[in-house]
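In: Dropping the sequence and predicted coords here.
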Amino acid sequence: MKTVKLANGIHMPVLGLGVFKVEEGAELVSAIKEATRLGYRSIDTAAIYGNETSVGQGIRESGIPREDLFITSKVWNADLGYEATLAAFDESLRKMELDYLDLYLIHWPVEGKYTDAWRALEKLHQDGRIRAIGVSNFQIHHLETLKKTAIIMPVINQIELHPQLTQKDLIAYCTKNNIHVEAWSPLMQGGLFNNPTLQEIAAHHGKSVAQVILRWDLQNDIIVIPKSTKPHRIAENMAIFDFELSDEECAQIDALNQNLRVGPDPDNIDF
């Protein structure tokens, strides 16, 4: 699995398995085992997903050495705050039965809370319990606020990103500040599969629309974590390293942007 070097020097796989909306149980355990069998080494979960126990079981049953895996989780909004975030991290580790995380993120930028939560992440990182720390769904002004008090800046910003929400200004800001961008919902929850432009590009390469989108992400230096529990989809999502999109094709995909979200607006969080 190809990796990128984060600002703090550690390497993160460019492709991972997302497990959003996958319930605890055998299906998730099997998906992780199949993904790691195929070569995935990055698993992305979150406290609010309610499936960290099964993620941990899948990791243990995969047979892959812990040090060869890259495990991400996130602290939920209700647990933002210095002491609350420390406790939430301990609970995530307990559920997964892990000694450390590779990456821990603040899930949403809840105003008035995320700077205290960030201090907790910095402490956990300094104590060696997290290899890298980052944020999710942060806009430029959230990152600017964080910069005023942060000792360590985020190495990752995980955001909703797909051909109809390209977020070019945010990506440019993150790149300038050595923050890697990671895309959640890269396939727009399947909402782009019938797009004629993407279908035409996919047919030209003998690939699926999903593969074209994920390839577009990689060529834009975006880390991706597509979600699936179906073995054939997990395999398909990984088969993106044997072709390349032209500059013209990438421009066609860029032109699909409509600033259209399938998830919440980070500036209007009501949960």
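Out: Cool, got the structure.

In: Report the backbone C-alpha coordinates of the longest helix along the chain in PDB.
Out: The residue-count maximum for a helix in the chain (DSSP state H) belongs to helix 82-96. Extracted as PDB, the C-alpha positions of helix 82-96 are listed here (Å, rounded to 0.1, in the frame of the first residue of the first chain):
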ATOM      1  CA  TYR A  82      -9.800  18.800  28.000                       C
ATOM      2  CA  GLU A  83     -10.700  16.200  30.600                       C
ATOM      3  CA  ALA A  84     -13.700  14.800  28.600                       C
ATOM      4  CA  THR A  85     -11.500  14.300  25.500                       C
ATOM      5  CA  LEU A  86      -8.900  12.500  27.600                       C
ATOM      6  CA  ALA A  87     -11.600  10.200  29.000                       C
ATOM      7  CA  ALA A  88     -13.100   9.600  25.500                       C
ATOM      8  CA  PHE A  89      -9.700   8.600  24.100                       C
ATOM      9  CA  ASP A  90      -9.300   6.100  26.900                       C
ATOM     10  CA  GLU A  91     -12.700   4.600  26.200                       C
ATOM     11  CA  SER A  92     -11.900   4.300  22.500                       C
ATOM     12  CA  LEU A  93      -8.700   2.400  23.300                       C
ATOM     13  CA  ARG A  94     -10.500   0.200  25.800                       C
ATOM     14  CA  LYS A  95     -13.200  -0.800  23.200                       C
ATOM     15  CA  MET A  96     -10.600  -1.600  20.500                       C
END
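
In: residues of the helix or strand following it that come out buried?
Out: Sequence order places strand 101-106 as the next helix or strand after helix 82-96, per DSSP states H and E. Within strand 101-106, the residues that count as buried by 16 or more other Cβ atoms under 10 Å are 101-106. Backbone N, C-alpha and C define where each C-beta goes, glycine included.

In: Determine the set of other helices and strands touching the helix or strand just after strand 101-106.
Out: Toward the C-terminus, strand 101-106 is succeeded by helix 114-126 as the next helix or strand (DSSP H and E). Judged by 3 or more Cβ pairs under 8 Å, 6 or more residues apart in numbering; DSSP states H and E, the packing partners of helix 114-126 are helix 82-96, strand 101-106, strand 130-136, helix 140-149.

In: Partner strands of the shortest one, with direction?
Out: Meaning strand 101-106. Strand 101-106 pairs in its sheet with strand 70-75 (parallel), strand 130-136 (parallel), by DSSP bridges.

In: List of residues touching the first one?
Out: Looking back up the chat, that one is strand 70-75. 12-13, 16, 41-48, 52, 55, 59, 85, 88-89, 92, 96, 98, 101-107, 117, 121, 136 (Cβ atoms under 8 Å, 6 or more residues apart in numbering).

In: coming back round to it: save the strands paired with strand 101-106 as CSV, and put in mean neighbour count too.
Out: Formatted as CSV, those follow (neighbours: other Cβ atoms under 10 Å):
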stretch, mean neighbour count
strand 70-75, 26
strand 130-136, 24
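
In: how about the ones you listed in a markdown table, adding distance to residue 217 and mean pLDDT?
Out: Formatted as a markdown table, those follow (distance: least, Cβ to Cβ, whole Å; pLDDT from 0 to 100):
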| stretch | distance to residue 217 | mean pLDDT |
| --- | --- | --- |
| strand 70-75 | 17 | 98 |
| strand 130-136 | 16 | 98 |
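
In: In JSON lines: those, plus distance to residue 177.
Out: Formatted as JSON lines, the strands paired with strand 101-106 follow (distance: least, Cβ to Cβ, whole Å):
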{"stretch": "strand 70-75", "distance to residue 177": "20"}
{"stretch": "strand 130-136", "distance to residue 177": "12"}
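
In: Ok, which of those comes nearest residue 32?
Out: Residue 32 lies closest, by Cβ to Cβ, to one member of the strands paired with strand 101-106: strand 70-75, at 10.4 Å.

In: May I have stretch 67-81 exported as CSV, CA atoms only?
Out: Coordinates of each C-alpha in stretch 67-81 appear next as CSV, following Å, rounded to 0.1, in the frame of the first residue of the first chain:
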residue,chain,number,x,y,z
GLU,A,67,2.7,-2.0,14.0
ASP,A,68,1.8,-2.6,10.3
LEU,A,69,-1.6,-1.1,10.7
PHE,A,70,-2.8,2.5,10.8
ILE,A,71,-5.8,3.0,13.0
THR,A,72,-7.8,6.2,13.2
SER,A,73,-10.6,7.2,15.5
LYS,A,74,-12.3,10.5,16.4
VAL,A,75,-13.6,12.2,19.5
TRP,A,76,-17.3,13.1,19.4
ASN,A,77,-18.9,16.5,20.0
ALA,A,78,-20.3,15.6,23.4
ASP,A,79,-16.8,14.8,24.6
LEU,A,80,-15.0,17.9,23.5
GLY,A,81,-13.1,19.6,26.3
